[in-house]
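Student: Sequence plus predicted model, see below.
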Amino acid sequence: MMEDVAIDGSTSSTSEQKPRRGRRVRMTGAERREQLLDIGRTLFAEKGFEGTSVEEIAAKAGVSKPVVYEHFGGKEGLYAVVVDREMRQLLDMVTGALTAGHPRELLEQAAFALLDYIERYTDGFRILVRDSPVAQSTGTFASLISDIATQVEDILGLEFKARGFDPKLAPLYAQALVGSVALTGQWWLDVRKPKKAEVAAHLVNLAWHGLDGLEQKPRLIGHRKN
């Protein structure tokens, strides 16, 4: 599929010829799709799903509304593709970063991967931390955290086993660790201080020394026992 997009015409190099009118070059369907995704990503990050309209997306792209519907079936379809891309990007960055052998360095790599994503793909992270009106079971920040925690479970399971802890508890601790890093990253997205390396160091400090002093059978000291 080929689609038209206007560009500026150029004037003749000779004074005898009149300037030509603006001509149009064709944008392929794949190029148009990427353009709409880029525009949608920016608008969703700035205004959220509800605050963004198909009319605004089409206007930014210089096309009519039917073009957006043709490519994505509507705003929901466009949003779903944007969310899916961002989730895959973050998951790839986290899993690709986990290359070290020592558990503490693995924690550092995971923390850096999330902070790197926030720094490089700020619009994408803003979209992910919003409540998603579509694909509720797979397109929410909570489900993303769960997916990342799954990658961490195996690491914690091995560490627990080596230390004499029940490896069946690894999923619980993986959710707690990844959730704390993600929420801290959400806060850091706005304040952007201290520096990224310092944030990562403090996150790992809390996680590692918490694990280092972990009780095999944690007890409650308050009056609530159930």
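Tutor: Thanks, I have the structure now.
Student: who does the helix or strand hosting Ala110 touch, helix- and strand-wise?
Tutor: Secondary structure from DSSP states H and E places Ala110 in helix 103-120. For helix 103-120, the packing partners by 3 or more C-beta pairs under 8 Å, 6 or more residues apart in numbering; DSSP states H and E come out as helix 75-97, helix 122-128, helix 141-162, helix 170-191, helix 196-212. C-beta: built from backbone N, CA, C; applies to glycine.
Student: Tell me what angle it forms with helix 75-97.
Tutor: 140 degrees (axes from the mean of the first three to the mean of the last three C-alpha atoms, to 10 degrees).
Student: returning to that earlier point: would you convert the helices and strands packed on helix 103-120 into JSON lines that also reports distance to Leu115?
Tutor: Formatted as JSON lines, those follow (distance: least, C-beta to C-beta, whole Å):
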{"stretch": "helix 75-97", "distance to Leu115": "10"}
{"stretch": "helix 122-128", "distance to Leu115": "10"}
{"stretch": "helix 141-162", "distance to Leu115": "13"}
{"stretch": "helix 170-191", "distance to Leu115": "6"}
{"stretch": "helix 196-212", "distance to Leu115": "5"}
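Student: Of all the ones you listed, which one comes closest to Glu105?
Tutor: helix 196-212 (9.0 Å; C-beta to C-beta).
Student: just how off-centre is the helix holding Ala110 within its chain?
Tutor: Distance, stretch centre to chain centre, for helix 103-120: 13 Å (C-alpha atoms, centre = their mean, to the nearest Å).
Student: so it versus helix 170-191, what angle?
Tutor: Using the same axes, to 10 degrees: helix 103-120 against helix 170-191 is 40 degrees.
Student: pLDDT below threshold where in this protein?
Tutor: 1-25, 131-140, 224, 226 (pLDDT under 70).
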